[in-house]
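Asker: next one to model:
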Amino acid sequence: MGSLFKARDWWQTRCGENEEFDRGCLVVANVDNDPSGSEKLVVGSFQGVLRIYHPRQKGFKADDLLLEQQLDGPILQLATGRFSSNASGNVCLAVLHSKRLTVYNVQRHETGAGEGSHDPLGRLHTLVKQYDHNLDRVAFNFIHGPFGGAPAHKDHICVQTMDGQLNFFEQEKFYFSRFLSNPQGLERAFLLPGVLCYHARMDSFLTSTSTFDVECYRYATFVSSNGSQNKEGTEGRKLRCDWSVNLGEDVVDIRIVRFARQQGTVSHEIAALCDRSIYILKENGEIRQQRRLDYFPSTMLPYIWKTDDKVQNLIIGTHTASIMIYNDQKLIWSAKTNTKPISLAVTSQAKLAGLIVILSEDGSLSCNYLGTDPATQPTQLLDTARELDYDDMDEEHRQLQQLIRQAVNAGKSEPEEHLQIQYECPSQLDSADDGDSSGKSCTVKVFLKYSGKEDLENVALTVNCPQPFVTPESSIAIDRVEGQAEPQMIPITFMLSAEPAAAMLTPASLQAEVTCCYCSPTGEPLTARRSFFLPMSLAGSVIPPVKNPNFKITLETNLAPPPLQVLFDDITAGSSDASMNVLSFQYNNSSDVTILVSKSANRFRIQASHFESLWLLTAELARRVKIYYDSQDTEPLKINFQDALPFQDYFQAVDTHFEARMKLQGSQQKLSEMAHQFRSIQKRLLVRFKDRNPSPLNNLDKLFENTYRQLLKISEVVESDQQQLQRSSNGLVCSTHLILLLIQYRFDKKDDIKVLRHYLSPIVMDSATQGWEESTDAAMTHLLRTSLAKTYKEAMSLPQPLQVPPDTTKLKKHIALVCDRLAKGGSLKNDKPPPQAQKEKSDKPEK
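Answerer: All right, here's what the predicted structure looks like:
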């Protein structure tokens with residue numbers, strides 16, 4: 001059984017080999033004037049071969065080819081009509097060559113066949129030339145019709161050349177010629193020929209231009225415009241179009257269509273097919289409708305589907321090998337084809353009406369019908385009596401996804417040859433000038449070694465370092481890394497940022513990362529990554545002990561704390577300011593933090609002048625204590641935080657960041673309004689100055705100067721607000737890192753904290769459309785609806801839209817609620833509601 005939305009081939013053949021065809025190379029008509037009225041398929045190629053087919057049954061037979069003749073020139077276009085006065089009103093075939101128009105009469109002779117004989121070899125079709133029209137210029141296309149109200153048995157021909165000349169022929173006689181434009185006149189110069197269409201009801205010609213216009217010319221205008229007989233003509237009446245409309249796209253085809261409108265009326269309209277749209281125009285050029293297409297069309301054909309009132313549908317062929325059928329602007333059918341249609345026709349063959357003839361660029365000719373073949377097997381009914389269990393379906397879906405991921409990962413293996421990254425990070429700075437923190441720098445030696453035999457080329461090394469540290473080159477291009485050779489050393493210097501606003505930030509981390517991107521000898525893209533910690537002396541220096549109990553936290557351990565001079569030997573070496581139990585550290589932005597070691601208990605107290613200053617030294621203390629005891633033969637180290645979580649201090653950092661966002665947003669709005677006022681005054685001044693007789697300025701210049709000064713002042717305010725937002729963002733980053741670390745030590749849930757870090761993210765990104773507050777609030781709400789839901793009502797609540805909140809009340813409430821449920825035994829390992837919420841759902845009565 002074939003697809004319902006695929007055109008089915010009833011008859012198909014190939015027109016020659018290595019031949020090319022275009023939109024005008026197909027015509028369907030009773031070209032041999034058969035008394036039975038059977039239509040023939042006439043095809044002409046750019047190689048000059050003319051073929052006539054007559055399909056009689058399903059599938060191509062040799063006798064379906066009635067005529068194949070080589071003409072003496074490329075065939076640009078074919079048409080049938082009453083073109084000869086000597087043919088007694090019979091249908092003739094017009095063939096357009098590059099510089100000649102030839103009219104033939106296709107004669108059918110009965111030779112060697114008796115009466116009633118069905119032998120196809122007894123029929124012979126020949127081409128009888130009626131007349132020629134030689135053209136002075138290279139032809140592009142032509143149209144025909146009863147121009148000027150000609151009788152029904154007489155068709156005139158209009159040929160368009162490549163330079164815009166229209167030649168009119170009244171059968172055997174040349175009538176006149178006109179040019180569509182005159183470069184010396186008032187009209188613009190002609191550039192490229194376009195589509196040509198004749199509207200018999202209006203007796204007008206429609207054409208497209210290279211400026212994406214559709215123009216309409218009346219035939220009477222062509223007759224009377226004697227000033228356009230020559231391209232260089234400047235005398236006489238010029239040719240002017242009746243109307244013109246710009247569509248903004250290149251026009252592919254123009255056809256006259258008849259659609260059924262309201263109250264059963266049938267209107268004549270103009271269909272213009274463009275590259276990505278189709279326009280329906282009224283006869284006066286007004287756009288009635290437009291439809292945007294999601295494909296690239298190749299051709300268009302209107303066909304009659306109601307024979308009583310001659311209402312038409314549209315068939316559009318696409319470059320994606322499909323045909324679209326429209327009733328007015330409504331898509332009523334779509335079908336895939338075996339070839340990309342370049343020309344379409346509708347015919348009746350072997351008593352089958354409505355066959356669609358499709359010709360492709362490479363000469364594939366077929367007669368197709370829409371629909372499908374009959375089914376050979378009965379349709380199986382679905383078992384709808386069993387109730388669907390969506391929870392089981394969801395669980396099965398998860399298991400299948402896991403199996404798919406395992407199968408995909410199992411097929412991938414890392415290559416044996418890879419790029420190794422090693423480093424040497426000194427514990428001391430390269431040079432440090434007393435009192436000049438901006439002169440601090442540290443050079444890290446990075447070593448690259450490739451284990452393969454072949455060399456690596458074009459290796460890109462990228463350095464990522466935290467604020468406020470920078471490197472002279474964040475990306476380094478390495479031409480070659482030799483295989484199985486000595487490691488290649490690359491020095492990377494880290495220093496404090498030279499920008500004053502960035503240099504005043506508290507470091508959020510000392511961890512830098514080096515990433516190498518390269519291609520293996522087989523062309524496979526690979527990466528290698530290595531991270532390391534910068535020396536702490538790059539972030540500040542040790543100072544004499546200070547009392548700064550504004551913000552403090554206490555950490556407890558199960559092992560006796562080692563001396564601080566042992567833990568921080570890299571920054572206390574050569575300094576007399578540190579002792580065994582007290583260490584005060586001052587950052588480059590002058591904020592300080594102090595570590596106190598209890599003499600009677602296993603406790604560390606960290607206190608600082610700012611809440612965000614606690615983070616870096618606390619993290620370094622925990623990391624160094626773990627490294628110290630990992631090297632000792634002792635029991636595993638445990639760090640606890642027994643006090644209440646400092647939510648009040650953390651929420652103050654959240655409020656400070658949110659207020660900075662709102663303040664910057666307000667100042668940017670004022671800057672936008674003031675810039676709009678400044679541009680408006682500029683425009684008025686320009687209008688006054690361009691006037692020959694300018695009116696008085698009426699203090700407009702003073703208003704201009706005052707607005708400019710206000711604009712500069714507001715710009716400074718915006719710059720100050722941006723720096724304030726940068727400082728508050730840095731404080732929020734450090735505070736979030738700290739609160740996550742304290743939650744881990746408070747509840748002893750390392751795995752849950754790894755998940756929580758993705759929801760309560762320490763990465764703060766401030767943009768004009770989305771900020772940290774709304775994204776974090778949405779993440780906290782998701783946790784309360786899924787992993788930490790307590791009731792069925794919470795699990796079934798709908799998520800709120802992501803928008804800027806009026807304040808941070810809900811966000812702080814949700815953060816505190818998440819931490820409270822973690823303290824009461826909640827877990828973040830599953831993304832499903834806990835058992836109590838699921839049980840409440842199962843116990844809930846059905847409505």
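Asker: distance of residue 11 from residue 612?
Answerer: For residue 11, the distance to residue 612 under the criterion Cβ to Cβ, to the nearest Å works out to 80 Å. Quick note: C-beta positions are derived from backbone N, CA and C, even for glycine.
Asker: the two: who's more crowded?
Answerer: Taking residue 11 and residue 612 together and counting by other Cβ atoms under 10 Å, residue 612 has the greater number of neighbours (27 against 24).
Asker: kindly list the longest helix within the protein.
Answerer: Taking DSSP state H as the criterion, the chain has its longest helix at helix 700-747.
Asker: quick one: residue 85 from residue 727, how far?
Answerer: With the distance defined as Cβ to Cβ, residue 85 ends up 93 Å from residue 727.
Asker: before we move on, what about residue 517?
Answerer: If you go by Cβ to Cβ, the gap between residue 517 and residue 727 works out to 33 Å.
Asker: more neighbours: these two, which one.
Answerer: It is residue 727, of residue 517 and residue 727, that has more neighbours when counted by other Cβ under 10 Å, with 20 against 16.
Asker: how about the contacts made by that one?
Answerer: The contact partners of residue 727, by Cβ atoms under 8 Å, 6 or more residues apart in numbering, come to 501, 504, 505, 660.
Asker: rewinding a little: next SSE after the longest helix of the chain?
Answerer: Moving toward the C-terminus from helix 700-747, the next helix or strand (DSSP states H and E) is helix 750-759.
Asker: export the next helix or strand after that following helix as CSV, just CAs?
Answerer: Going down the chain from helix 750-759, the next helix or strand is helix 772-785, by DSSP H and E. What follows is helix 772-785, C-alpha atoms only, in CSV (Å, rounded to 0.1, in the frame of the first residue of the first chain):
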residue,chain,number,x,y,z
TRP,A,772,19.5,35.5,37.7
GLU,A,773,16.5,36.1,40.0
GLU,A,774,13.7,34.9,37.7
SER,A,775,15.7,31.9,36.4
THR,A,776,16.6,30.8,39.9
ASP,A,777,13.0,31.3,41.1
ALA,A,778,11.8,29.1,38.3
ALA,A,779,14.4,26.5,39.2
MET,A,780,13.4,26.5,42.9
THR,A,781,9.7,26.2,41.9
HIS,A,782,10.5,23.2,39.8
LEU,A,783,12.3,21.5,42.7
LEU,A,784,9.2,22.2,45.0
ARG,A,785,7.0,20.7,42.3
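Asker: what packs against helix 772-785?
Answerer: Packing partners of helix 772-785 (3 or more Cβ pairs under 8 Å, 6 or more residues apart in numbering; DSSP states H and E): helix 647-690, helix 750-759, helix 792-795, helix 809-823.
Asker: returning to what we had before: compare the contacts of residue 727 and tell me which is most surrounded.
Answerer: Neighbour-wise, the contacts of residue 727 (other Cβ under 10 Å) top out at residue 505, 24 neighbours.
Asker: quick one: that residue is in a helix?
Answerer: No. Residue 505 is assigned coil when assessed by DSSP: H, G, I helix; E, B strand; the rest coil, not a helix.
Asker: burial measure for residue 200, as a count.
Answerer: By other Cβ under 10 Å, 13 other residues sit near residue 200.
Asker: first-to-last residue distance for stretch 489-504?
Answerer: The separation between the terminal residues of stretch 489-504, taken as Cα to Cα, to the nearest Å, is 32 Å.
Asker: and it, average pLDDT?
Answerer: Taken as a whole, stretch 489-504 carries a mean pLDDT of 90.
Asker: contacts for that stretch, please.
Answerer: Stretch 489-504 is contacted from outside by 430, 437-438, 440-448, 461, 463, 465, 467-472, 476, 478, 512, 514, 534, 538, 588-589, 723, 726-727, using Cβ under 8 Å, 6+ apart.
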